[in-house]
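>>> pasted the sequence and its predicted model underneath.
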Amino acid sequence: MRIQIDSIDDRGREVRAGLGEAWAVRAADQALEATPEALSATLLFVRKGPAIFVTGKLEARFVRPCDRCAQGVVVSLSHDVDLKYAPEQGGTGEIELAEGDLDVGTFTGDALDLGDVLSEGLALALPTRYLCADTAACDARTTALFASSDAGATASSPFAALAGLVRDA
Ligand SMILES: [Zn+2]
């Protein structure tokens with residue numbers, strides 16, 4: 001899904017998307033590395049000179065495995081979007097980027113890809129780690145995981161088999 005730059009003016013153009021929009025679900029899937037269970041995007045695109053400013057709200061709910069115990073963790077994101085896009089350098093509408101504008105995205109041609117904007121907004125909202133809310137239960141599961149993998153290693157160890165042979169001899 002692309003939005004024509006020409007269709008955006010300084011009063012802005014609002015785009016809403018959710019689970020009903022295939023392009024939005026695809027973009028969320030990519031950014032979250034999980035299928036969204038809930039998704040709501042309200043984005044306002046405003047044109048200032050050659051640049052496009054995007055503000056609004058992104059909300060998503062999805063399940064990811066815990067980084068420690070691998071149990072599914074329900075993650076709810078609610079993120080205020082504040083993104084800037086400028087035409088790629090060398091284009092006709094080239095603008096001078098001010099210091100601190102390193103986070104400005106670029107677009108080529110006469111349209112902005114809405115999926116890219118959504119992915120970028122969600123990516124900025126992601127937590128650095130996924131962990132169970134219940135730390136005690138997570139600890140117990142993690143300990144059990146280590147215990148079972150240790151037991152598995154011993155049983156399949158060639159030395160264990162050898163020890164059995166020696167004992168039998
Ligand atoms: Zn956990």
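Sure, I can see it. Numbers count the residues shown, from 1 in each chain.

>>> which helix runs longest in the protein?
In the chain, ranked by residue count with DSSP state H as the criterion, the top helix is helix 135-156.

>>> ok, and for that one, which residues are buried?
Residues of helix 135-156 classed as buried: 138, 141, 142 (neighbour count, 16 or more other C-beta atoms under 10 Å). (Each C-beta comes from the backbone N, C-alpha and C, glycine too.)

>>> return the alpha-carbon coordinates of that helix using CSV.
Provided in CSV are the C-alpha atoms of helix 135-156 (Å, rounded to 0.1, in the frame of the first residue of the first chain):
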residue,chain,number,x,y,z
THR,A,135,9.7,-14.0,37.5
ALA,A,136,9.4,-16.9,40.0
ALA,A,137,7.5,-19.1,37.6
CYS,A,138,10.0,-18.2,34.8
ASP,A,139,12.9,-19.1,37.1
ALA,A,140,11.3,-22.5,37.9
ARG,A,141,10.7,-23.2,34.2
THR,A,142,14.3,-22.1,33.2
THR,A,143,15.7,-24.3,36.0
ALA,A,144,13.6,-27.3,34.7
LEU,A,145,14.8,-26.6,31.2
PHE,A,146,18.5,-26.8,32.2
ALA,A,147,17.9,-29.9,34.3
SER,A,148,16.2,-31.8,31.5
SER,A,149,18.8,-30.8,28.9
ASP,A,150,21.6,-32.0,31.4
ALA,A,151,19.8,-35.3,31.8
GLY,A,152,19.5,-35.7,28.0
ALA,A,153,23.2,-35.0,27.5
THR,A,154,24.2,-37.6,30.0
ALA,A,155,21.9,-40.3,28.6
SER,A,156,23.1,-39.8,25.1
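
>>> the ion contacts on this protein?
Taking C-beta under 5 Å from the ion as the test, the list of the chain residues beside the ion reads 66, 68, 69, 71, 132, 138.

>>> can you flag the buried ones in the residues you listed?
66, 68, 69, 71, 132, 138.

>>> which of those residues fall within helices?
Within these, residues falling in helices by DSSP H are residue 138.

>>> coming back round to it: which other residues reach the longest helix of the chain?
66, 68, 69, 70, 71, 131, 132, 160 (C-beta atoms under 8 Å, 6 or more residues apart in numbering).

>>> tell me the one of the buried residues of helix 135-156 nearest the ion?
residue 138 (3.3 Å; C-beta to the ion).
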